[in-house]
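J.: Give me a 3D structure for the following:
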Amino acid sequence: MDDIFRKIFILSIFLNFSFAQTQTNFEVIDSLLNSIVGEISEQIRSDKIKVETSLQNKVIENRILNSFSKRFALYINDDADAILVRLDAFKSRIKYAPVSRGLFRKFVNRRVEINLYCSVIQDGKVLFSRDFKREHSDYVKDDAIQDLEDESFDFTRGEFIGNTLTIDKLLEVAVLVLSVGISIYLLFAVRK
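T.: Residues are numbered from 1 along each chain as shown. Okay, here's the model as predicted:
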């Protein structure tokens with residue numbers, strides 16, 4: 001019996017620690033961007049690149065350039081040997097879906113999705129041009145969402161999806177109230 005309580009205690013510590021280490025939305029997006037840059041880098045057969053960007057968000061642009069600079073020598077002026085990497089569009093979507101845990105909602109499913117449209121051109125020939133998509137999904141505490149979003153950056157803000165009041169929840173409340181009512185009635189009926 002003592003062993004069971006010890007296992008439950010260790011499991012609860014592990015779960016609390018794992019939720020305490022939740023990444024912010026900005027960190028998740030940055031990780032997904034690094035993954036995309038890694039995939040693009042694998043397809044480039046050169047050690048120097050020139051990056052042209054038409055991204056509206058300069059924070060995202062700087063994160064991508066920083067990631068490229070770790071893998072390649074970046075050139076701004078026209079270098080004949082450099083491969084041109086064009087970053088044309090970026091879009092992020094963050095959605096929170098409530099997870100039903102009885103009557104009290106404690107966790108939400110966070111889904112982060114980013115799209116980055118990129119073209120790679122060498123000697124006037126397009127090597128590839130495509131939309132790179134990455135997704136991340138995890139569970140976060142309901143009351144921690146405001147800490148995960150950054151007020152300064154719109155792309156880190158999410159939206160709740162799904163109705164908060166559904167037939168299933170109403171039915172669950174009705175069954176619970178009815179069960180408590182029957183239990184109280186039977187308690188006093190048996191006493192008499």
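J.: sec struct for the residue nearest to the spatial centre of the chain, please.
T.: Taking CA atoms, centre = their mean as the criterion, Val112 is the residue nearest the geometric centre of the chain, at 3.1 Å. Here Val112 is recorded as strand under DSSP: H, G, I helix; E, B strand; the rest coil.
J.: My read is that it contacts Lys91, right?
T.: No. With contact defined as CB atoms under 8 Å, Val112 does not reach Lys91; the gap is 11.8 Å. Where you see a C-beta, it was placed from the backbone N, CA and C, and this is true even at glycine.
J.: just the strands in this structure please.
T.: With strands called from DSSP state E, the chain shows them at 48-53, 73-75, 83-98, 107-122, 125-141, 159-160.
J.: Indicate which one of those is closest to Arg63.
T.: strand 83-98 (10.0 Å; CB to CB).
J.: Sheet-wise, list the partners of the closest one with their directions.
T.: Using DSSP bridges, strand 83-98 pairs in its sheet with strand 48-53 (parallel), strand 107-122 (antiparallel), strand 159-160 (parallel).
J.: before we move on, back to that, now the residue nearest to the centre of the chain: closest residue in space that isn't a chain neighbour?
T.: Once flanking residues are discounted, Val112 sits nearest to His136: 4.5 Å by CB to CB, 6 or more residues apart in numbering.
J.: Please list all residues in contact with that neighbour.
T.: Counting by CB atoms under 8 Å, 6 or more residues apart in numbering, His136 touches Val28, Ser31, Leu32, Arg110, Arg111, Val112, Glu113.
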